[in-house]
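Enquirer: I would like the atomic coordinates for the input below:
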Amino acid sequence: MNTEAATAAKAPDRRDDGSRGRGRLPSQRREGFVLFLSIVPLLVLVFLFSYFPLYGWIYSLFDYRPARGLSGSEFVGLQWFTMLVSSPTQVDQIVQVMLNTLAMSFLGIAASVLPLAFAVFLNEIRATWFKNLIQTLTTLPNFISWVLVYMIAFSMFSTTGMVNGLLESIGLISEPLKFLDSDEHVWLKMALWGVWKTLGWGAILYLAAIAGIDQSLYESAKVDGAGRFSTMWHITVPQLMPTYFVLLMLAIANILNNGMEQYYVFQNAFNKDTIQVLDLYVYNIGMTGNNLSLATAISMLKSVISVVLLLSVNALSKRVRGTSLI
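Expert: Predicted coordinates:
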């Protein structure tokens, strides 16, 4: 009897454990429901600003006239999609626009290594005040609108700007150089302005990644006699590669999404053919050309291609790196 009593005392009360487990479920469900409610506002915003506007794709099936409204506009089916490939003039324009878009996107992708290099060298600055000053000065342009950037560019590089005035005063040129009102090297100019505006901001992600590197790696390198450049090349850069490749794949997936603000403020009658990217082309057709239906059709195709690129890059990431982006 004593042995059976001791065994019974040591044995867990499964019924009691089960009741306690069942008792915890309602609290876990309540906690999960509260967490879900906390993200509901964000889900609503995502739906309103990202998915609800997709209803506007219906305009591509009509010959939409704002004065008549959608109900009073003629239903034309796939007419605008057919026009994109049947009109030689339209095809030539789209080819040039796609060339501009891809060229500027690839220049941006090629320049994506600059924030990484900038972050690596900025991290090596030992004077904290100087490091913070450089990071602040290079990050501030990201918060300046493209309108203000163009005002800076115009005051410096227009035919009557500071640069031309300086070059003329020292006798290097006899006539003003056309930096802005010219179709020469437009792709390179836009890429350089983009780098100037986003260099410091893009380096923030890499600086955060550098802060997460195991410091024992650097200590081991110092014990082995590695110098600063050797440490950067063999420790810092390899540790940043996963972050760089993720950002690179996202940039490739968004290769058609250049935005339009930069190109809109810098466009003029001289460089319109070489500066017009896909987003700006859609805007010009819809707002300037007053053809919202054709602009919607082009925007739809761009969105579909972007989704296909994203899924392709995600599959490539999963195959090469073993992890997916989405």
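
Enquirer: measure the residue lying closest to Arg321 once chain neighbours are set aside to Ile204 for me?
Expert: Excluding its sequence neighbours, the residue lying closest to Arg321 (Cβ to Cβ, 6 or more residues apart in numbering) is Phe245, at 7.0 Å. For every residue, glycine as well, the C-beta is placed using N, CA and C. From Phe245 across to Ile204, the span is 18 Å (Cβ to Cβ, to the nearest Å).

Enquirer: how many neighbours does the residue nearest to Arg321 have?
Expert: 13 (other Cβ atoms under 10 Å).

Enquirer: check what pLDDT it gets.
Expert: Note on Phe245: pLDDT of 87.

Enquirer: what's near enough to touch the residue nearest to the spatial centre of the chain?
Expert: Centrality entry for the chain: nearest residue to the mean C-alpha point is Ala251, 6.3 Å, by Cα atoms, centre = their mean. Ala251 is in contact with Ser105, Gly108, Ile109, Ser112, counting by Cβ atoms under 8 Å, 6 or more residues apart in numbering.

Enquirer: can you pull the contacts of the first one?
Expert: Just to be clear, that refers to Ser105. Contacts of Ser105 by Cβ under 8 Å, 6+ apart are Ala251, Ile255, Leu256, Asn258.

Enquirer: looking at the contacts of Ala251, which are in helices?
Expert: The helices, defined by DSSP state H, take in Ser105, Gly108, Ile109 from those.

Enquirer: distance to Pro88 and pLDDT added to these, as JSON lines?
Expert: Shown next, in JSON lines, are those (distance: Cβ to Cβ, whole Å; pLDDT from 0 to 100):
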{"residue": "Ser105", "distance to Pro88": "26", "pLDDT": "92"}
{"residue": "Gly108", "distance to Pro88": "31", "pLDDT": "91"}
{"residue": "Ile109", "distance to Pro88": "31", "pLDDT": "91"}
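
Enquirer: low-confidence stretches in this structure?
Expert: Low-confidence segments of the chain (pLDDT under 70): 1-25, 325-326.

Enquirer: most neighbours out of the contacts of Ser105, which is it?
Expert: Counting by other Cβ under 10 Å, top hit in the contacts of Ser105: Asn258 with 21 neighbours.

Enquirer: the closest residue to that residue other than its chain neighbours: how many residues sit nearby?
Expert: Ranked by Cβ to Cβ, 6+ apart and with sequence neighbours excluded, the top spatial neighbour of Asn258 is Val277, at 4.4 Å. Val277 sits with 27 neighbouring residues when counted by other Cβ under 10 Å.

Enquirer: right, and Val277 touches Met260 too?
Expert: Yes - using Cβ atoms under 8 Å as the test, Val277 is close enough to Met260 to be in contact (7.0 Å).

Enquirer: coming back round to it: can you redo the contacts of Ser105 as a markdown table with secondary structure?
Expert: Formatted as a markdown table, the contacts of Ser105 follow (DSSP: H, G, I helix; E, B strand; the rest coil):
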| residue | secondary structure |
| --- | --- |
| Ala251 | helix |
| Ile255 | coil |
| Leu256 | coil |
| Asn258 | coil |
